[in-house]
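A.B. asks: only geometry, no sequence info:
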């Protein structure tokens, strides 16, 4: 990514400010944004402040309006000193420093640290400049590393602040090279909400993935889907496209892209109601923030993102074709079988058969994009891909496209057919095999899989090969909350999660009854921020697997329940249900799989790190056996999770309350 203007401080101070503003204004017009006078005025003020502050620092590098794809924003100014990276946010009309503004500039610094390859070897210092604010009390850290706390400055104190930093920043054996920094790759990993927001603003997947060299198959997959849709429309054919991938690989992103960029009427259909609630709410809020009508956006989103069952109940009784020529069927392997459909919904066939018949009503063409997940079936009646294979065998009008992974797969849930049928097109681009959710460890998914197979040795081997895994353990709920709050800087989100069957967490003050069917409750939990007590980072109400599947947090506190413990023989997991006053061991094989998959969902919600709270239990309470929880904790530690150590007291002297600006 390149800044809108870049040059040495000496050139910046000598350049005519009018020419700099004109250059920035041209870039503003090129991005199709409103060339607003307020922005031009803000640039003039910022340039005046920076020129005055940098007069005696000619060798520093100045970058203006540096774009951050993940956040959909631009950093006002980045200053490269040779020893540190200053991230500067200007509030030229502000008369006070606000927490929201501090969070904004800290978020920019975090984004560079996490995703910009040139921003990891030198301190990153976020600076908030509120031009008309009172002179701030200043505390500079004695030790500079990673990301410093936000430093406040006003119009008068910016210059002495930069002078002080020039004097106090430690020297380094590898000075920061401005040109190398500007050329370093920026590889953001947006959350599903951030990615959906970008797509809805009409950025393509290429904009999201272009700077991530390790996920080029994301663009290949979206191109393959787009080509299949166009070919079906041109040739008047009925086509189903299966897209497979590991958890967190971007299947949902590909599906949303197919809907938001479609030349024809399209809809994203999912049985995951919390995902519907969160995406609709997030995109409507973003539309409002962008100056568009939230009401109009919400209305459009109701047709673009729909609950599967709502679409089915509306379309099945009718004889005409639906408005949509293209539907994206989320988690196709979880489509229910005919028996479940008859018992639960009084419908005559399997979900796969019903959707194929509904879309076949179109007289000319139709496409179903079926997204196939992995190992996260958590409900009864889920028929797997085999039900699609059976339904398609009886409906030869449909052409099939997909990767080879769905043919002869050993996992029945992901096996469409035993052998390739005539007319099926195999396309390897329709399989996504790189996780874009886990930021710090690509080994996390394999580690979780080994843990849930109760293979501590294999999990430990995976952890050692990866240099560790992002899972820590604590037996203290207070320590869990404290660490999550410490980690959640900027707009990073933390939250508690637990199994809906972890009923005895109530004794620890935690409820396993999250209202996942309540649209407002789900949207508020995922999108609002502390001090809103409904937000995830209030760390009060855990989300269950039903609320968080398909969604994600930056940091997760997983509260382990008594519903998954070590079996008496010590060789496997024991899945349990709490009934009345006792735990009962689950016997049915499929129910055991659902329970284990519940923890697969919970263990894979974090983008950065998961901290596991294993309750201490209570010897006086048979439903909360300390020995059972000790066994779980011991197993996870053998598997490679580490202990959450108490935060050591700061051994350094208290930060100096600088009389830095006393002379002003």
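C.D. replies: All right, it came through fine. Just so it is clear, the structure is predicted and the values come from calculations on it, not from any experiment.
A.B. asks: per-residue pLDDT, residue 443?
C.D. replies: For residue 443, the model assigns a pLDDT of 87.
A.B. asks: how close does it sit to residue 469?
C.D. replies: Noted for residue 443: a distance of 6 Å to residue 469, by CB to CB, to the nearest Å. The way it works is simple: take the backbone N, C-alpha and C, and place the C-beta from them, glycine included.
A.B. asks: also residue 18?
C.D. replies: 54 Å.
A.B. asks: dump the residue contacts of residue 196.
C.D. replies: Counting by CB atoms under 8 Å, 6 or more residues apart in numbering, residue 196 touches 253, 256, 279, 282, 283.
A.B. asks: by neighbours, which of these wins?
C.D. replies: Neighbour tally across these (other CB atoms under 10 Å): the maximum, 27 neighbours, falls on residue 279.
A.B. asks: on that earlier part again, got JSON lines for the contacts of residue 196, with pLDDT and distance to residue 241 too?
C.D. replies: Output for those, formatted as JSON lines (pLDDT from 0 to 100; distance: CB to CB, whole Å):
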{"residue": "253", "pLDDT": "86", "distance to residue 241": "15"}
{"residue": "256", "pLDDT": "89", "distance to residue 241": "15"}
{"residue": "279", "pLDDT": "88", "distance to residue 241": "21"}
{"residue": "282", "pLDDT": "88", "distance to residue 241": "26"}
{"residue": "283", "pLDDT": "85", "distance to residue 241": "24"}
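A.B. asks: in stretch 221-237, what counts as buried?
C.D. replies: By 16 or more other CB atoms under 10 Å, the buried positions in stretch 221-237 come out as 221, 222, 224, 225, 226, 228, 229, 232, 233, 237.
A.B. asks: swap in stretch 610-625?
C.D. replies: 610, 611, 612, 613, 614, 615, 617, 624, 625.
A.B. asks: measure the fourth one to residue 633 for me?
C.D. replies: I take that to be residue 613. On the measure of CB to CB, residue 613 and residue 633 end up 10 Å apart.
A.B. asks: which residues do the two both contact?
C.D. replies: In contact with both residue 613 and residue 633: residue 475, using CB under 8 Å, 6+ apart.
A.B. asks: in the chain, which ranges drop under the pLDDT threshold?
C.D. replies: 1, 30-35, 69-71, 142-143, 200-217, 294, 375-383, 435-440, 647-664 (pLDDT under 70).
A.B. asks: from the buried residues of stretch 221-237, which ones fall inside helices?
C.D. replies: 221, 222, 224, 225, 226, 228, 229, 232, 233 (DSSP state H).
A.B. asks: where do the helices sit along the stretch 201-350 of the chain?
C.D. replies: 205-209, 216-235, 251-260, 273-289, 294-304, 308-315, 338-340 (DSSP state H, counting those that start in this stretch).
A.B. asks: distance to residue 498 added to the ones you listed, as TSV?
C.D. replies: Putting the helices of the stretch 201-350 of the chain into TSV (distance: least, CB to CB, whole Å) gives the following:
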stretch	distance to residue 498
helix 205-209	31
helix 216-235	32
helix 251-260	23
helix 273-289	15
helix 294-304	30
helix 308-315	26
helix 338-340	26
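A.B. asks: out of those helices, nearest to residue 43?
C.D. replies: Nearest to residue 43 among these is helix 273-289 (21.3 Å), distances taken as CB to CB.
A.B. asks: which parts of that closest one are buried?
C.D. replies: Neighbour-count burial for helix 273-289 [16+ other CB under 10 Å]: 273-287.
A.B. asks: and if you look at stretch 296-306?
C.D. replies: By 16+ other CB under 10 Å, the buried positions in stretch 296-306 come out as 297, 298, 300, 301, 304, 305, 306.
A.B. asks: ok, so of the residues you listed, who is nearest residue 370?
C.D. replies: Using CB to CB, residue 306 is the member of these that sits closest to residue 370, with 15.6 Å.
A.B. asks: hang on, isn't that closest one packed against residue 271?
C.D. replies: No - using CB atoms under 8 Å, residue 306 makes no contact with residue 271, being 10.6 Å away.
A.B. asks: where's stretch 121-138 relative to the chain centroid, distance-wise?
C.D. replies: 29 Å (CA atoms, centre = their mean, to the nearest Å).
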